[in-house]
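S.K.: no sequence for this one, just the structure:
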């Protein structure tokens, strides 16, 4: 049972344009969402998070949007740079439910072409 | 300092060997985690320590034995592993459980 879904295994974008990575979740107990970026043979790097009491969080070129009614979140990268090419994982946890676990999606491989 | 360090970076071991993976953080985080990651898959949680006590064991085989000697250190003792245990082993820490976790670079383990 996949509680966090990233339905696009890959995405290719031109440098300077916007990258939009999508994530859907099924567990309504999830109240904290995170995005991680991972290069090959390295550990995931935390990018940005959002609590369910918000619908948007911005940090530099990265913005995460949360639509609770649709159980959907997205990560926008503007402008995209070749160094952004990596696998992006969406993750969720249920803090109010006392869950210590992060549930990860399967990842989306982003390629930013120069 | 948001660094989690892991040693060794690479490890090759036979099925009869005993080895240990080490993880260290100096961010004052009170939760530490071990994950296993296979190629093209998301990280898979193995163990969670909270305040140096084992909080979660995700039904991991007993050939993997975690240890948390103090709030900054986390070990994973390996014994009698199988070739299918070959993977990237990631350590992570967070201020408290469930919040953003900071990952180390991982140990690439190969079991021959």
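M.R.: Received the coordinates, thanks. The shown structure was predicted, so the numbers you read here are calculated from the model rather than taken from an experiment.
S.K.: tell me the centre residue of chain B?
M.R.: Centroid check for chain B by C-alpha atoms, centre = their mean gives residue B:34 as the closest residue, at 3.2 Å.
S.K.: hang on, that residue packs against residue B:93?
M.R.: No. If you go by C-beta atoms under 8 Å, residue B:34 and residue B:93 don't touch, sitting 10.8 Å apart. Just so you know, the C-beta spots here come from the backbone N, C-alpha and C atoms, and that holds for glycine as well.
S.K.: list residues touching both of these two?
M.R.: residue B:74 (C-beta atoms under 8 Å, 6 or more residues apart in numbering or on different chains).
S.K.: got the contact list for residue 68?
M.R.: Defaulting to chain A. Residue A:68 is in contact with A:52, A:55, counting by C-beta under 8 Å, 6+ apart.
S.K.: wrong one, I was asking about chain B
M.R.: Contact analysis of residue B:68 by C-beta under 8 Å, 6+ apart lists B:32, B:49, B:52-54, B:74-75.
S.K.: pull out the buried members of those residues.
M.R.: Applying 16 or more other C-beta atoms under 10 Å in any protein chain shown to the contacts of residue B:68, the neighbour count classes B:32, B:49, B:52, B:74-75 as buried.
S.K.: of all these, which two lie farthest apart?
M.R.: The two members of the buried ones among the contacts of residue B:68 with the most space between them (C-beta to C-beta) are B:52 and B:75, at 12.1 Å.
S.K.: enumerate the residues of chain A near chain B.
M.R.: Neighbours of chain B within chain A, by C-beta under 8 Å from any C-beta of the partner chain: A:32, A:34, A:36, A:41-46, A:49, A:89, A:93-95, A:99-102, A:104-107.
S.K.: can we see that at 6 Å?
M.R.: Within chain A, the positions near chain B by C-beta under 6 Å from any C-beta of the partner chain are A:34, A:42-44, A:46, A:49, A:89, A:93, A:95, A:100-101, A:104, A:106-107.
S.K.: bridge partners for the nearest residue to residue A:39 once chain neighbours are set aside, pull those for me.
M.R.: Counting by C-beta to C-beta, 6 or more residues apart in numbering or on different chains, residue A:39 lies nearest to residue A:86, which is 5.2 Å off, once chain neighbours are set aside. Bridge pairing for residue A:86 (DSSP bridges) gives the partners residue A:110.
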